[in-house]
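# structure of the sequence below:
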Amino acid sequence: MKRLLLVTTSVLLVLPDIAMAQATTRPAQGQAKPVRPGGPQVHPNRPGQGGPQVQPPRPGGPQVQRPQPQPPRPPAVVRPPRPQPPHRPGAGRPPSFRPIHGPQFRYPRGYRYRRWTVGLLLPALFLSNSYYYNNYAAMGIGAPPPGYRWVRYGPDLLLVQTRTRRVVDVIYGAFY
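Below is the predicted model:
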């Protein structure tokens, strides 16, 4: 019983393959060839007609389109660069900013690097000539408004209101 069941299943598995192989063999002479969908169809000669007829492809098939002539492009207009406005407090790094190599910064006794943010109060020790930074044009930032100073603190540059010691703007990584 097991052998009969095994033979029957193997025959049923092989028969569809044989049927498909016979369907894909070449047709006999005089029979129509199977048609590929979407491609041009060639029909055999019919009485009263010259050569084989080529029909256009069916809709939805691959279409070959001729390239359309492109109009010539106008030449590119080269505009001079616009002058950069001065740095506005709180705007972050200006577009023309470039960090510079500054001398090594020495922190005062009892201080180390701290990441300052806008709104904090800077100790009065840093509001002196030894920490002011006056070469702001080399970095591409504008002069501070009246009553404000650029102060260097480690690798950062702080814009501080001198009367209140409040940090108004910070440019991180201004010096390397």
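# number of residues surrounding residue 116?
20 (other Cβ atoms under 10 Å). In short, each C-beta sits where N, CA and C put it, glycine included.
# likewise for residue 135?
Neighbours of residue 135 under the rule other Cβ under 10 Å: 9.
# which pLDDT value goes with it?
Here, the pLDDT recorded for residue 135 equals 85.
# ok, now which ones touch it?
Going by Cβ atoms under 8 Å, 6 or more residues apart in numbering, residue 135 touches no other residue.
# please apply the same query to the one 4 residues further on.
With contacts taken as Cβ under 8 Å, 6+ apart, residue 139 has the following neighbours: 97-100, 157, 171, 174.
# may I ask which two of those are separated the most?
Greatest spacing in the contacts of residue 139, by Cβ to Cβ: 98 and 157 (12.4 Å).
# give me the more crowded residue out of those two.
Ranked by neighbour count (other Cβ under 10 Å), residue 98 and residue 157 place residue 157 first, with 24 against 11.
# can you tell me the SS state at that one?
The local conformation at residue 157, judged by DSSP: H, G, I helix; E, B strand; the rest coil, is strand.
# and it, how far is that from residue 12?
If you measure residue 157 against residue 12 using Cβ to Cβ, to the nearest Å, the figure is 84 Å.
# cool, and residue 114?
Distance, residue 114 to residue 12, by Cβ to Cβ: 82 Å.
# in strands, which of the contacts of residue 139 fall?
157, 171 (DSSP state E).
# where along the chain do the strands fall?
Remark: strands assigned in the chain by DSSP E are 41-43, 53-55, 148-153, 156-161, 167-171.
# coming back round to it: which of the contacts of residue 139 lies closest to residue 7?
Using Cβ to Cβ as the measure, the one of these that approaches residue 7 most closely is residue 99, at 83.7 Å.
# per-residue confidence for the closest one?
pLDDT, residue 99: 77.
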